[in-house]
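J.: Next comes the sequence, and after it the predicted model I'd like to discuss.
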Amino acid sequence: MLEKAFIGTKKYYGWMTALLAVIGVGFGCYLWQFQFGLGITGMSRDVSWGFYIAQFTFLVGVAASAVMVVLPYYLHNYKAFGRITILGEFLAVASVTMCILFIFVDLGQPIRVMNVLLHPTPNSILFWDMIVLNGYLFLNIIIGWKVLEAERNNVAPAGWLKPLIYLSIPWAVSIHTVTAYLYCGLPGRGFWLTAILAPRFLSSAFAAGPAFLILLCMIVRKLSKFDPGKEQIQSLAKVVAYAITVNVFFFLCEVFVVFYSNIPEHMDHLKYLFVGLHGHGVLVPWMWASMILMVVSIILLVNPVTRKNETVLIVACITVFVGTWIDKGLGMISGGFVPNPLHHVNEYVPTLPEILIALAVWAIGFLVLTALFKIAVTIKEEVEGLA
Amino acid sequence: MPNNKKMYDKGKVMVGLCIFVVLITFPFWYNLGKAAPAPEPKLSEKAKAAKECVMPTAYMKAEHMQILNEWRDAVVRDGKRIYENSSGKKFNMSLTNTCLDCHVEKAEFCDKCHNYASVAPYCWDCHIDPKEVK
Amino acid sequence: MESSRRSFLKIAGISALGLGAKPVLDVLASSGETAAPITMKGENALTAKQWGMVIDTRKLQSEEDLEPMIEVCDKIHNIPKFENKNHEIKWIWAEEFKHEFPMQEADYLDDKLKHMSFLTLCNHCEKPPCVRVCPTKATFKREDGIVLMDFHRCIGCRFCMAACPYGSRSFNFRDPRPFIEKTTPDFPTRTKGVVEKCNFCAERLAIGKIPACVEVSNGALTFGDLDDPESEVRQVLRNNYTIRRKPALGTGPSVFYIV
């Protein structure tokens, strides 16, 4: 089936070549980072995690969202989602690949990464993160591939896949919970030390992931003969609507707790993000944009008239994705580190080489995604006799 | 019965195979007649006078990296700095202050074999070569 | 010859196994040498169950008073000096009261405390969050209570930096060597990509010396075993009111301040 990724239209080749170019540039920047050190990024002694880890955190959420398609189909027999489970699983594969790559480019001594396996440390959440991420990657590769293969050969999927599929459902929730646990157990970081961090991560994941999946379904419909289906897209849209509403609700809970209790140390982080602190406020416009985008998307998605209009739906999905990306991919990390434990304010802005490396990792993800989707869609076309 | 004796694209495959063989044997035919002489690490005066290293020479040649790993775990993680070898002689476990104290010239001793074998241990990123400190 | 490819692969696999067996057996056959070597502590090594430090701020008022401690640590540990504040490495440094003890900040602080400089360093906590989160045990708590870095093992993930509630840790964003004013050959430098912090002069304790900052402090710093009720540091703690940084977090800092 892999050969289907190598054959396509001119647009397909052009897109893959463009991605390879972005990867090439970013890889060059990474070689520079490997030789010089992480000093080429904007990270500092005070903000010691930055863009790379933020992207990793966001993408773990997108990966977990595959469960939103798998769960209704396999546990509750929602037959409609049977058409698109493969798309959700392949999106998870591409996302987890990017997660692992983002962690790798963030390491100060990447050649020693095997130390995590040579010296297993169960009390460290990073140890568990490595296990659940790699496990989820393998689960989705195996499940996706074998189910697709069975569909192509017009047979039922092998029996041993069922337990793996059932396992992937709690496993999806676990990958994002474990990632949240990286942050919410640190005693010195008040912004993250909240029980609601894991639920908030999950809600924002279940908004961003399916929103992106909807956009991918629309693209698939436009560029191929396979139509994921109106009903499928509408069901996904309902998932996004609830998830983004819950996400904003959770955030408002955090705002209440922080400002009603009036504890300065806790207020400082949200103040830094939304109004600036001690004259520093580079993220302020971004955070407000994120809030506005998320509220707009709630209005567009909860209202059935706007949700059913597929053009408006596209806009709503983009606002969800961008809004949650700013929230997790920019605000969450800086918000935790600024002000630092000694109440100094040192801001973080990513540098150009850092952004280029991040773009290269995104491009690798898109490369994997495009190839896998090309395979899946081509086979679906064949099976439905549309080719 | 399927014809499994015919080789498809025979011409292209043969050409490709030849190119592959040429490329993969590159190190051998490129370096023909240019064999570098075996390395001879120079023992410093102090080392010659000491006659014996931490462990017997043959053992050191094969296992010095293993000993250094043992030393780093003992010094850093266990807080133990004295090493008593099998003959009962005691050493302070330090690359810079013991090994290089006796062997003196990193460039003449360590690097001779390492360069030949194309080994680049990153010990020296952190551990100081006394000769390099002005 | 329907299965010729299959039988070829079978024969090739068994041959590879057979060819590979001999070297493996050779290695296993070669037995060990004579008496096994042993490692041990030096005779002078200072030991404790939990090293701790008391800083008498009454004897250290201004930033000048703190300079000898900071300078000697920087010197003997090859601490680099960077222009770019983002990359700065500091093991021990000076902070004001409101930054050192942010939970005890008050509008009407007594004048002395308001303008005083405090020595800031790793607290070598009893229950260190940094040790809890390190995925490779490169940051670990030694049997003598020191929270130590194993620079060989650190992968530079910086999880420990996120976990430390005191901002005690620094990361090598680039090769520090060009930025070290004068290299002390007794102690290694570090390399890019690893985290570092105060090590309670473990290398000096191993040869019977107290930490350098304590040595040059002229009695302002007391160092000893918190677990030994008869130690000098315990006596000082019994006789003076001391505070610690962020005690409510439960980390159990081993550095106390007489205020």
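T.: Alright, I've got the coordinates.

J.: The nearest residue to residue C:104 once chain neighbours are set aside: what's it in contact with?
T.: In space, and not counting its chain neighbours, residue C:104 is closest to residue C:243: 7.4 Å by CB to CB, 6 or more residues apart in numbering or on different chains. Any C-beta I mention is one placed from the backbone N, CA and C, and that applies to glycine too. Shown in contact with residue C:243 (CB atoms under 8 Å, 6 or more residues apart in numbering or on different chains): C:101, C:104, C:256-257, C:259.

J.: same thing with residue A:282?
T.: By CB under 8 Å, 6+ apart, the neighbours of residue A:282 are A:347, A:349.

J.: for it, helix, strand, or coil?
T.: Under DSSP: H, G, I helix; E, B strand; the rest coil, residue A:282 falls in the coil class.

J.: Low-confidence ranges, the chain, go.
T.: By default, I'm working from chain A. By pLDDT under 70, the low-scoring segments of chain A are A:387.

J.: nope, chain B please
T.: For chain B (pLDDT under 70), the answer is B:1-3, B:134.

J.: In it, what residue comes closest to chain A?
T.: residue B:122 (8.7 Å; CB to the nearest CB).

J.: Phi, psi for the nearest residue to residue C:40 once chain neighbours are set aside please.
T.: Nearest residue to residue C:40 in three dimensions, chain neighbours excluded: residue B:82, at 4.9 Å (CB to CB, 6+ apart). Main-chain torsions, residue B:82, degrees, to the nearest 10: phi -110, psi 130.

J.: Is stretch B:124-134 in proximity to chain C?
T.: Yes - Stretch B:124-134 reaches chain C (CB under 8 Å from any CB of the partner chain) through B:125-128, B:130, B:133.

J.: thinking again about what came up before, partner residues bridging the residue nearest to residue C:104?
T.: residue C:257 (DSSP bridges).

J.: just checking, the residue of chain B closest to chain A touches residue C:190?
T.: No - counting by CB atoms under 8 Å, residue B:122 stays clear of residue C:190, with 11.8 Å between them.

J.: and the two? which has more neighbours close in?
T.: residue C:190 (25 against 11; other CB atoms under 10 Å in any protein chain shown).

J.: Give the helix, strand or coil label for the more buried one.
T.: Put simply, residue C:190 is coil when judged by three-state DSSP.

J.: on that earlier part again, setting aside sequence neighbours, what's the nearest residue to the residue of chain B closest to chain A?
T.: Residue B:122 sits nearest to residue C:191 (CB to CB, 6+ apart), 7.2 Å away.

J.: Any residues of chain B in contact with chain C? List them.
T.: Residues of chain B lying near chain C (CB under 8 Å from any CB): B:55-56, B:59, B:70-72, B:74-86, B:92-93, B:96-97, B:122, B:125-128, B:130, B:133.

J.: residue boundaries of the strands in chain B?
T.: B:82-84, B:90-92 (DSSP state E).

J.: deepest of those strands, which one?
T.: strand B:82-84 (a mean of 18; mean count of other CB atoms under 10 Å in any protein chain shown).

J.: which residues sit in contact with the residue of the stretch 151-300 of chain A found nearest chain C?
T.: Minimum separation of the stretch 151-300 of chain A from chain C (CB to the nearest CB) falls at residue A:188, amounting to 2.7 Å. Counting by CB under 8 Å, 6+ apart, residue A:188 touches A:341, C:129, C:163-166, C:246, C:249.

J.: Those residues: which two are farthest apart?
T.: Within the contacts of residue A:188, C:163 and C:246 form the most distant pair, 13.2 Å apart (CB to CB).

J.: Tell me which of the two has more neighbours.
T.: Remark: of residue C:163 and residue C:246, residue C:163 carries more neighbours, 24 against 19, as counted by other CB under 10 Å.

J.: how near is that one to chain A?
T.: 5 Å (CB to the nearest CB, to the nearest Å).

J.: In contact with that residue, which residues are there?
T.: A:186-188, C:129-130, C:132-133.

J.: Let me know the pLDDT of it.
T.: Note on residue C:163: pLDDT of 96.

J.: and what of residue C:118?
T.: For residue C:118, the predicted pLDDT is 94.

J.: Residue A:80 contacts residue A:232, doesn't it?
T.: Yes - counting by CB under 8 Å, residue A:232 is a contact partner of residue A:80 at 5.4 Å.

J.: Neighbour count for these two, which is higher?
T.: Per other CB under 10 Å, whichever of residue A:80 and residue A:232 has more neighbours is residue A:232, with 21 against 15.

J.: What strand or helix carries the more buried one?
T.: Using DSSP states H and E, residue A:232 sits in helix A:230-261.

J.: Show me what that helix packs onto, helices and strands only.
T.: Secondary-structure packing of helix A:230-261 (3 or more CB pairs under 8 Å, 6 or more residues apart in numbering or on different chains; DSSP states H and E): helix A:67-76, helix A:197-223, helix A:264-274, helix A:284-302, helix A:304-308, helix A:310-326.

J.: Leaving aside the residues adjacent along the chain, what's closest to residue 41?
T.: No chain in the question, so chain A it is. Closest to residue A:41 by CB to CB, 6+ apart is residue A:354, at 4.1 Å.

J.: Please refer instead to chain C.
T.: Nearest one to residue C:41, counting by CB to CB, 6+ apart, is residue B:80 at 5.1 Å.

J.: Could you give the number of residues near the one you found?
T.: 19.

J.: ok, which residues in the stretch 1-150 of chain C are in contact with chain B?
T.: C:33-42, C:45, C:140, C:142-144, C:148, C:150.

J.: For the closest residue to residue A:253 other than its chain neighbours, list the residues it contacts.
T.: Distances taken as CB to CB, 6+ apart put residue A:196 closest to residue A:253, at 6.2 Å, once the chain neighbours are dropped. Residue A:196 makes contact with A:250, A:253-254, according to CB under 8 Å, 6+ apart.

J.: Phi, psi for residue A:196 please.
T.: phi -80, psi 0.

J.: Can you give me the distance of it to chain B?
T.: Counting by CB to the nearest CB - residue A:196 and chain B are separated by 39 Å.

J.: any idea how far that residue lies from residue A:183?
T.: Residue A:196 sits 12 Å away from residue A:183, going by CB to CB, to the nearest Å.

J.: anything in contact with each of those two?
T.: By CB under 8 Å, 6+ apart, no residue touches both residue A:196 and residue A:183.

J.: what's the neighbour count on the residue in the stretch 51-200 of chain C positioned nearest to chain B?
T.: Proximity of the stretch 51-200 of chain C to chain B (CB to the nearest CB) peaks at residue C:191, 3.8 Å away. Neighbour count of residue C:191, defined by other CB under 10 Å: 23.
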